Each structure stands twice: as C-alpha cells, then as structure tokens.
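# Pasted the sequence and its predicted model underneath.
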Amino acid sequence: QVQLAESGGGLVQAGGSLRLSCAASGSIDSITSMGWFRRTPGKGREFVAAVTLRDSMTYYTNSVRGRFTLNIDNAKNAMYLQMNTLKPEDTAVYYCAANPLTAVYSSDYDYWGRGTQVTVSS
C-alpha cells in the first residue's frame, strides 16, 4: 500500500505561483510512476503532469506545458508541482496519484491523495 498526501494549495492572483507537494509513504519501492490530476465541477478529472520513475521522463498536458514543472525528491519521498504564471482556469482541486494501470495520462491510478484546493483569482 502507498499513502499520498498533498499540500501547498491556496489562493493566488493570476500570474502568481504556487508549489504543490505530494508526500509518499508506505510501500515506496513499489511506485513506478506518479502523476498530478485536477478536478473542476465543469471538466471533471483532468491529467496535468506525470513522471515515470525508471527513466525520469515527465509528461504534461498542453495547457500547462511551459508553466508547470514536476520534480521528484527521492530522498524525501516527495513529488512537487511548481506552478507558474497561474491562470483562473487553473482553479481546481489538485490530486497526486501513484501507479497507473495503463498510461500515465489515464486516470486509472492505484493510489490517490485527498487533494488540495488551488484557487486563482483574476
């Protein structure tokens, strides 16, 4: 079992930055890939970014590429999402996840955190 806990959400003005953290615990060695997703009432759950641990390849959805950066700190068992130049449409609950059953951009991950709210005001 893997436990995930997000932190770092909050309220920020458009153009600002936030860094989300995801702390992993439990069976850390079983983690193959990790991802960030977000959920809004209108769009449902949306893929944001992911990383495959065997080769450190990162993946981003088009709407955040160039603005968001995913990083891993193996020593701290943590994953981060640095979000810059935030826009009101980035407002959502952000979730971290581990171990997708299929592709890293699919939502069929085995483990999920509880989410952290990000609100971007215009």
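In hand now; what should we look at?
# what's the nearest residue to the residue most central in space within the chain if we skip its chain neighbours?
For the chain, the residue whose C-alpha lies nearest the mean C-alpha position (C-alpha atoms, centre = their mean) is W36; its distance is 2.2 Å. Counting by C-beta to C-beta, 6 or more residues apart in numbering, W36 lies nearest to V48, which is 4.2 Å off, once chain neighbours are set aside. Any C-beta I mention is one placed from the backbone N, CA and C, and that applies to glycine too.
# quick check, that neighbour in a strand?
Yes. V48 sits within a strand when classified using DSSP: H, G, I helix; E, B strand; the rest coil.
# Could you check how far it is from S30?
23 Å (C-beta to C-beta, to the nearest Å).
# The two: which has the busier surroundings?
Under the criterion of other C-beta atoms under 10 Å, the comparison of V48 against S30 puts V48 first, with 25 against 12.
# Wait, that one touches R39, no?
No. Under the criterion of C-beta atoms under 8 Å, V48 makes no contact with R39, lying 10.4 Å away.
# what about the strands in this structure?
All strands of the chain, identified by DSSP state E, fall at 2-7, 10-13, 18-26, 33-40, 44-52, 57-60, 68-73, 78-83, 92-100, 109-112, 116-121.
# can you put those strands in TSV and add mean pLDDT?
Conversion of the strands of the chain to TSV gives the following (pLDDT from 0 to 100):
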stretch	mean pLDDT
strand 2-7	98
strand 10-13	98
strand 18-26	98
strand 33-40	97
strand 44-52	95
strand 57-60	97
strand 68-73	97
strand 78-83	98
strand 92-100	97
strand 109-112	98
strand 116-121	98
